[in-house]
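[1] Build the 3D model from these lines:
(2 chains)
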2 protein chains.
Amino acid sequence: MQQQAPGGYNGQILRVNLTNQTTKIEPIDPSFCRKYIGGAGFIAYYLLSEVPPGIDPLEPANKLIFAAGPLTGLTLGGCARHTVGSKSPLTGGIAKSEVGEHWGAQFKRAGFDALIIEGKSEKPVYLWIHNGEAAIRDAVHLWGQDTKATQETIRSELADPKVRVAMIGPGGENTVRCACLMHGPFDAAGRGGTGAVMGSKNLKAVAVRGDNLPPVVDNEGVKKMVNWLRENMELVKAFSDYGTGSPMPRFEQLGNLPIRNFRDGGFPSVDKISAVTIKETIRVGMDGCFGCPVRCKKVVACQEPYHVDRAYGGPEYETLGALGSACGIDDLEAIAKGNELCNAYSLDTISTGLSLAFAMECFEKGLLTSADTHGLELRFGNADAMLKTIELIARREGIGDLLAEGSARAAAQIGKGAEAFAIQVKKLELPMHEPRLSKGLALGYMVNPHGADHMDSLIDIFYCNFTEKPDVTVPDALPLGFEPVPYLDSGPRKVALFKALQAKRLIADSLVLCALLPYSAAQYAELTAAVTGWDTSVMEQFRIAERILTMCRLFNVREGFSAADDKLPQRFFGPTHGGALSDRSLDPDELEKAKRYYYYLMGWDDQGVPLAGKLEELGIERSEWE
Amino acid sequence: MQQQAPGGYNGQILRVNLTNQTTKIEPIDPSFCRKYIGGAGFIAYYLLSEVPPGIDPLEPANKLIFAAGPLTGLTLGGCARHTVGSKSPLTGGIAKSEVGEHWGAQFKRAGFDALIIEGKSEKPVYLWIHNGEAAIRDAVHLWGQDTKATQETIRSELADPKVRVAMIGPGGENTVRCACLMHGPFDAAGRGGTGAVMGSKNLKAVAVRGDNLPPVVDNEGVKKMVNWLRENMELVKAFSDYGTGSPMPRFEQLGNLPIRNFRDGGFPSVDKISAVTIKETIRVGMDGCFGCPVRCKKVVACQEPYHVDRAYGGPEYETLGALGSACGIDDLEAIAKGNELCNAYSLDTISTGLSLAFAMECFEKGLLTSADTHGLELRFGNADAMLKTIELIARREGIGDLLAEGSARAAAQIGKGAEAFAIQVKKLELPMHEPRLSKGLALGYMVNPHGADHMDSLIDIFYCNFTEKPDVTVPDALPLGFEPVPYLDSGPRKVALFKALQAKRLIADSLVLCALLPYSAAQYAELTAAVTGWDTSVMEQFRIAERILTMCRLFNVREGFSAADDKLPQRFFGPTHGGALSDRSLDPDELEKAKRYYYYLMGWDDQGVPLAGKLEELGIERSEWE
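    Residues are numbered from 1 along each chain as shown, chains lettered A, B, ... in the order given. Just a heads-up that it's a prediction; the model follows:
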């Protein structure tokens, strides 16, 4: 591979084998960095090439990967992120999830770009990574602890309050399939169950600290972007003011807010749980990720009736929806408490919330009874039952053990038509955006290799102004060569736009860059060039995204996924009960058609299997996956 | 269409109907400019939407279009060009051809972006365009004149020696199918027979003069590129020193130089006709296009044995090959004379040269005899016969009348297997680069909608260093997301690279920008942004190129072209007689496979017909072509 400019991004991988208790440092080839960028790209590569097909995600052969990218750790808004990936215990396919906080920046400063964890420790351990060195340390005393205590204990042991800790609570230890991977007590790499994989390896935490700035080729280029963001903070003002979730009343009005397991359409008390109300009531501060001026993270505290510890932050929009409206709950303090519990136990709030909503609907339909719930009245709106059940899930007790399997597996176990109430794609529960409202979003949920993830599929939602303007006016769509497309359009123009925006998101996940920041695709490329010195471009990055997505697809195909798995739950082919979407439902044939066109554009056959020609074109060697 | 920034490029079209002798000025919508850029883009749009299917290219219903682009007329190297297009009398499909000189710059300064000529004048006329006004003037006295005299007479009539003149000589008047459209006496929009269309309309010339600088939004951005070019003149030094054709001996050695109608492989006297020898012998100066510091245009003069008028410039590489080695001729003065004749009569030197080579091979095979040639010994190497036959072609006399139809039609008329010697694709004769040497080039010849044109297909040739390094190291391939591909590769990576470079070329043809200048795709986009104010990008420009190419394809499909027309002459499936390629031939099945993959990437079906979904995706409205 000639022509590969080494640039300022030429790092190394830390490989830890927990079975053998060994650590190894591997240099990364500069041409490899350029081909896969980092983050989601590294994860797709290493999972595809190193994880054997057909394994149980919870057996030692699975790998857990933390990957930073060239932008991770820059002192610039949105650059604090890294990506975590594994074979998902929830979907059985590829999982990846991004997270902010300070962990990634410290990890980069410690001298690494990716961490690959293999095997399984005999007894609980944690990993301590510090300035180019790594040690495996005993964690028997930490097992069973919540995330706050875990972090405190580790910091105290290492005598360094600045150590950053990625970890699991009891949810991950008990391999709850939707267990997330907490970074500090309130930042989650949430989706796909990477926390369960960590638990299955007897790995409690990864603590990091580093003092060496990662290299930047063109500091002026980075400064330029810092200044640009400073001058454009207006674009993220709502996030700075409220964090996520301020437009919830509008979402409810439009139909974007999931209500009672995506069944209903009206939630008149939505005002009680929005981020605006949080600011006015239980909020005690705001926090942020490393180097980011947006500071979008709510910190809340309550005393009565629920004691909520401010150490666990506050609920994001997804949590407000999942533990709130999706469960028919409008008690803000209860939602804040639920958020605290999920963060303490390392449970993904989205999957947990929708699994609860699933159980509530089953309960109301008589598919679950109080015999199943040990007397809990697990009905929509019952906040106490919601909180109690979160505890049970984390401990895998009673009904919690069933729901710890996720809604899809629980439904299969319950039978009797319960599947209709499991609102998931590829067994990953839907995030808090309504596909009936936007066909780009619907397609995103369907085809995303990680399942129905809010990080990969929010195409129209972010960009359209649903009522007044039916066109999707993506800020950088025109410079990318796309004209606006109405949000209810599912034709080729929409599919092509979706594909481009999906690629843009995957580039963000590889760089790794926060998608809330309003950078254009051109700015992604400029920033990459400034840091690495590569003469890169939007086009190169989009081709890389195509390669990464295709590798994710290959991973899933190898695990037996097919076009049949790229489908929405039946619920969305009917309207909501009441609300703005009471007369709207999706047409499955129309979506199938859009899906086929998407396959076509991706170079996949009608079953969604990448064509041999496309693999060759993208430089995906068969040795990488066969 | 919202979001369309008007920018600094918001021009107008001059529409001239020669049947009614009317002129009309039409404003161009800014969103239209952005969607089609200019040049080749405008031509594809107007031909597809305005030329009725099935017409004879030489009947009044055909249209002749001159289109400038946003960069035409900038005082920057490579920005003097415009594009000419029509339904081709040679191929029956879409024709477009670019040309430099000063005409385009003056046309822009006169206030126009495109000129659409319709109908047919009853008697010869010429058009005089000056500062926003247009007049149709009598040209009866000019009919029959060569190009030098035509320009002189018009300048004298208009009393302005700075008037620039696009025109035809007798070749165009006599509708020789390969007649070119001369701009001044030595710059040709050469390929596809647009000069014949002009002749069929009784239009002798289009004279232009303008005094108003076209608007530029960001002069600093343009200056930046001027400085960049000044600092990188080394990259075009060979063109400045010699013009085109200095590496001819190397081409001969490698097999890239066509010899005796692409039949043979050795031409030991190649040194006698190279641009290096020209500099040392008959060259009397260099000239250049408007605003360009490269000045790559040779000016030659001879007295004995052939008098060559310096007013007609000197032979480019394509001419040195077509009238030289392809005809087995190594007499430089004779080639220079042939060049003069073609320029004086407005004949495309490539098609003329290869039609001559075709005739020579037929003559040597006995398919043509001296009875057909009025006694001319039309054999390879006979310079006098070559020159005499050019005269006959221009006047459509004797054997010249047959060859004026082009090699494909002449072969059909001769029969007896003469088709084997017509080296053309879609009836357009091949330029002077050998497809057996590079499979990207082979594919380019096959699928280019305009036929085997040297301006759309030189993918590998420009970029590979044939012997030492088998990879195609396109300067900006990596920034575009492509890695080097060996020149003998025809797999998906090569096809995708070809598609990207074909798109880049089509962007150049739309801006309109000289492809000899070493600008990257990123610089194309930057320059476009500087001039227009559009927030554009490489990706937008590549999507536009895809749209334009698809519209060209639609034009051809409507005229009955199919996948069967995307094929190379049989000759290339065998080796050359002697020379570097005496053991190399192309595999038709391999090229068919590459072609199908190209169709796939373009969104065309197996017959090369654009899919309905792709048309919708690219925003090509059916009203534009049905």
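[2] switch to C-alpha atoms for all contacts and neighbour counts from now on
    Will do.
[3] Quick one: residues contacting residue A:38.
    Contact analysis of residue A:38 by CA atoms under 8 Å, 6 or more residues apart in numbering or on different chains lists A:67, A:68, A:69, A:70, A:113, A:510, A:511, A:512.
[4] so what's the second one closest to, chain neighbours aside?
    Setting aside the residues directly before and after it, residue A:68 is nearest to residue A:82 in space (CA to CA, 6 or more residues apart in numbering or on different chains), at 4.5 Å.
[5] quick one: which of the contacts of residue A:38 sit in helices?
    Members of the contacts of residue A:38 lying in helices (criterion: DSSP state H): A:510, A:511.
[6] Columns distance to residue A:77 and neighbour count on top of the contacts of residue A:38, output as a markdown table?
    Formatted as a markdown table, the contacts of residue A:38 follow (distance: CA to CA, whole Å; neighbours: other CA atoms under 10 Å in any protein chain shown):
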| residue | distance to residue A:77 | neighbour count |
| --- | --- | --- |
| A:67 | 19 | 31 |
| A:68 | 16 | 36 |
| A:69 | 15 | 33 |
| A:70 | 14 | 30 |
| A:113 | 19 | 29 |
| A:510 | 16 | 31 |
| A:511 | 13 | 28 |
| A:512 | 12 | 32 |
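[7] Just the pLDDT at the closest residue to residue A:133 other than its chain neighbours, thanks.
    Nearest non-adjacent residue to residue A:133, counting by CA to CA, 6+ apart: residue A:110, 7.9 Å away. Residue A:110 carries a pLDDT value of 96.
[8] Could you do residue A:457 as well?
    63.
[9] Residue A:229 contacts residue A:222, correct?
    No - here residue A:229 lies out of contact with residue A:222, judged by CA atoms under 8 Å, at a distance of 10.8 Å.
[10] for the residue of the stretch 151-300 of chain A found nearest chain B, what are its contacts?
    Nearest residue of the stretch 151-300 of chain A to chain B: residue A:228, at 16.1 Å (CA to the nearest CA). Residues counted as contacts of residue A:228 (CA under 8 Å, 6+ apart): none.
[11] quick one, phi psi at it?
    Phi and psi for residue A:228, reported as degrees, to the nearest 10, are phi -60, psi -40.
[12] for the one 4 residues further on, same thing?
    Recorded main-chain torsions at residue A:232 are phi -120, psi 30, according to degrees, to the nearest 10.
[13] What distance do you get for it to residue B:533?
    Distance of residue A:232 to residue B:533, given as CA to CA, to the nearest Å: 20 Å.
[14] So between these two, which is more surrounded?
    Between residue A:232 and residue B:533, counted using other CA atoms under 10 Å in any protein chain shown, the more crowded position is residue B:533 (18 against 12).
[15] State whether that one and residue B:218 are indeed in contact, as I suppose.
    Yes - the pair residue B:533 and residue B:218 passes the contact test of CA under 8 Å, sitting 7.1 Å apart.
[16] wait, what's in contact with the residue nearest to residue A:68?
    Neighbouring residues of residue A:82 by CA under 8 Å, 6+ apart: A:39, A:66, A:67, A:68, A:69, A:72, A:98, A:99, A:100, A:104, A:509, A:512.
[17] Which ones among those lie within strands?
    Among the contacts of residue A:82, DSSP state E puts A:66, A:67, A:98, A:99 in strands.
[18] can you redo those as TSV with distance to residue B:124 and pLDDT?
    TSV is the format used below for the ones in strands among the contacts of residue A:82 (distance: CA to CA, whole Å; pLDDT from 0 to 100):
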residue	distance to residue B:124	pLDDT
A:66	76	98
A:67	73	98
A:98	72	97
A:99	74	97
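[19] Which members of those residues are classed as buried?
    A:66, A:67, A:98, A:99 (16 or more other CA atoms under 10 Å in any protein chain shown).
[20] any idea which of these is closest to chain B?
    Taking these together and measuring to chain B by CA to the nearest CA, the closest member is residue A:67, at 22.0 Å.
[21] how much space between that closest one and residue B:88?
    Residue A:67 is 56 Å from residue B:88, by CA to CA.
[22] so where do the strands sit in the stretch 401-550 of chain A?
    A:424-425, A:428-429, A:464-465, A:469-472, A:485-486 (DSSP state E, counting those that start in this stretch).
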